[in-house]
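Asks: Sharing a sequence plus its predicted fold:
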Amino acid sequence: MDIELTGDEHLRALAALEATVGNDDNALAVLASAPGERPLPALLAAYGQHTLHRILIAAFGTDATMDYDETGRLVAEINSDPTARIVFVLTDALHNQAALAGDDPAAAKLIAGSILLAIHAFTDADNQDALTVLHALRNEVLQAG
């Protein structure tokens, strides 16, 4: 089950991923100390789950035009695929790591690094390509808001 993220949470997670790519610990510390908001490690775990599930859906060719039976068949295929199951384990591990991390920016950086590695494993994008993808995702969130 996907965890709902607000537009602001998407932007904060994207900023944290960009800070991780740029090795900007000061930016991560600022992002981690947002009062009244979800702790950054927990936010990144949720964002990682959201993003990796979207990548899986795209990889298996699932889209909104499919009928109920076809969607069910593809969901069953995703659930039985070893790569998909590894993604589910990874996102669970990210949530477990975040649960122990509190507001720790160092833990947030580790979680962000794992998300970037997982995206790289699916897309073969290096960190510079990842920045391009992150900028596109930010623009998508801004246009939707």
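Replies: That came through, no problem.
Asks: Reduced to three states, what does residue 5 come out as?
Replies: Under DSSP: H, G, I helix; E, B strand; the rest coil, residue 5 falls in the coil class.
Asks: Could you give the backbone dihedrals for it?
Replies: Dihedral pair for residue 5: phi -120, psi 140, per degrees, to the nearest 10.
Asks: I figured it was touching residue 45, is that so?
Replies: No: under the criterion of Cβ atoms under 8 Å, residue 5 makes no contact with residue 45, lying 11.2 Å away. Bear in mind the C-beta positions are built from the backbone N, C-alpha and C, glycine included.
Asks: Neighbour count for the two, which is higher?
Replies: A side-by-side neighbour count of residue 5 and residue 45, using other Cβ atoms under 10 Å, places residue 45 first with 30 against 19.
Asks: any idea which helix or strand carries that one?
Replies: Using DSSP states H and E, residue 45 sits within helix 40-59.
Asks: And residue 133, by the same measure?
Replies: Following DSSP H and E, the helix or strand that holds residue 133 is helix 127-144.
Asks: Show me what counts as buried in that helix.
Replies: By neighbour count on 16 or more other Cβ atoms under 10 Å, the buried set for helix 127-144 is 130, 133, 134, 137, 138, 141.
Asks: ok, the first one touching residue 119?
Replies: It refers to residue 130. Yes: with contacts defined as Cβ under 8 Å, residue 130 counts as touching residue 119 at a distance of 6.3 Å.
Asks: Which pLDDT value goes with residue 145?
Replies: We note a pLDDT of 69 for residue 145 in this prediction.
Asks: try residue 90
Replies: You'll see residue 90 listed with a pLDDT of 94.
Asks: can I assume residue 15 is in contact with residue 27?
Replies: Yes: at 7.1 Å, residue 15 counts as touching residue 27 under the criterion of Cβ under 8 Å.
Asks: Contacts only, for the spatially most central residue of the chain.
Replies: Taking Cα atoms, centre = their mean, the centroid of the chain lies closest to residue 48, which sits 2.0 Å from it. Shown in contact with residue 48 (Cβ atoms under 8 Å, 6 or more residues apart in numbering): 90, 91, 94, 111, 114, 115, 118.
Asks: list the contacts for the nearest residue to the fifth one once chain neighbours are set aside?
Replies: Put plainly, it is residue 114. In this structure, residue 114 finds its nearest non-sequential neighbour in residue 94, 6.2 Å apart by Cβ to Cβ, 6 or more residues apart in numbering. Taking Cβ under 8 Å, 6+ apart as the criterion, residue 94 is in contact with 44, 45, 48, 49, 111, 114, 115.
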